[in-house]
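**Student:** Give me a 3D structure for the following:
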Amino acid sequence: MKKISLLLLSLFIISCETTSLDKKLEIIPEPKKEIIYEPEEEIITTNEEPKIDFKDFSGIKGFQSKKLTSLVSEYGDLNFSKYEKYYEFHRYNAENCRIFVQNNASDKKIIHITIFNFEKNKFYKKYSRDACQ
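**Tutor:** Modelled structure (predicted):
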């Protein structure tokens, strides 16, 4: 009998606690969403194909043993660069070829230039636009 009365008492206490929690909870309304400004999209239609300006990298092998700044001044910014402790690695995208440039991190002199055609999986000693198309 003691167990049953203890069980009923505990159920009564638990039920009182849960009803008191329900009364304390308030539902907070969601804030109103208001669009202040929404720009209109301009749709441009032309029949012209976009012009792609490809650089002529035919003289790039001549920059070996020169400073990296001279290469950048001639061909523009590099497409990708990775800096390590002793060496830096850079890349130019040239149609289907990638031109990889490696230089010393301390004096910025170019150590090696590699020309790789990623579609044909071939390395070239000299850049040729015909080979990279």
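**Student:** Neighbouring strands - and their directions - for the helix or strand harbouring residue 90?
**Tutor:** Using DSSP states H and E, residue 90 maps to strand 87-94. When pairing is defined by DSSP bridges, strand 87-94 lines up against strand 80-83 (antiparallel), strand 97-104 (antiparallel).
**Student:** in it, what's buried?
**Tutor:** 88, 90-92, 94 (16 or more other Cβ atoms under 10 Å). (C-beta placed from N, C-alpha, C; glycine too.)
**Student:** what's around residue 116, how many residues?
**Tutor:** When neighbours are counted by other Cβ atoms under 10 Å, residue 116 registers 17.
**Student:** Please tell me how far it sits from residue 106.
**Tutor:** Counting by Cβ to Cβ, to the nearest Å, the gap from residue 116 to residue 106 is 26 Å.
**Student:** so who does the residue nearest to the spatial centre of the chain touch?
**Tutor:** Central residue of the chain (Cα atoms, centre = their mean): residue 80, 11.5 Å from the mean position. For residue 80, the contact set (Cβ atoms under 8 Å, 6 or more residues apart in numbering) comprises 90-91.
**Student:** Bridge partners for it, pull those for me.
**Tutor:** Here residue 80 shows beta-bridge partners residue 91, assigned using DSSP bridges.
**Student:** State the distance from it to residue 13.
**Tutor:** From residue 80 to residue 13 the distance is 68 Å (Cβ to Cβ).
**Student:** likewise residue 110?
**Tutor:** Using Cβ to Cβ, residue 110 is found at 81 Å from residue 13.
**Student:** likewise residue 67?
**Tutor:** 83 Å.
**Student:** Between the two, tell me which one has more neighbours.
**Tutor:** Per other Cβ under 10 Å, whichever of residue 67 and residue 13 has more neighbours is residue 67, with 14 against 9.
**Student:** Quick check: nearest residue in space to the more buried one, chain neighbours excluded?
**Tutor:** residue 108 (5.3 Å; Cβ to Cβ, 6 or more residues apart in numbering).
**Student:** Count the residues that sit near the one you found.
**Tutor:** Residue 108 - counted by other Cβ under 10 Å - has 14 other residues nearby.
**Student:** any chance you could map the helices in the chain?
**Tutor:** All helices of the chain, identified by DSSP state H, fall at 2-24, 68-75.
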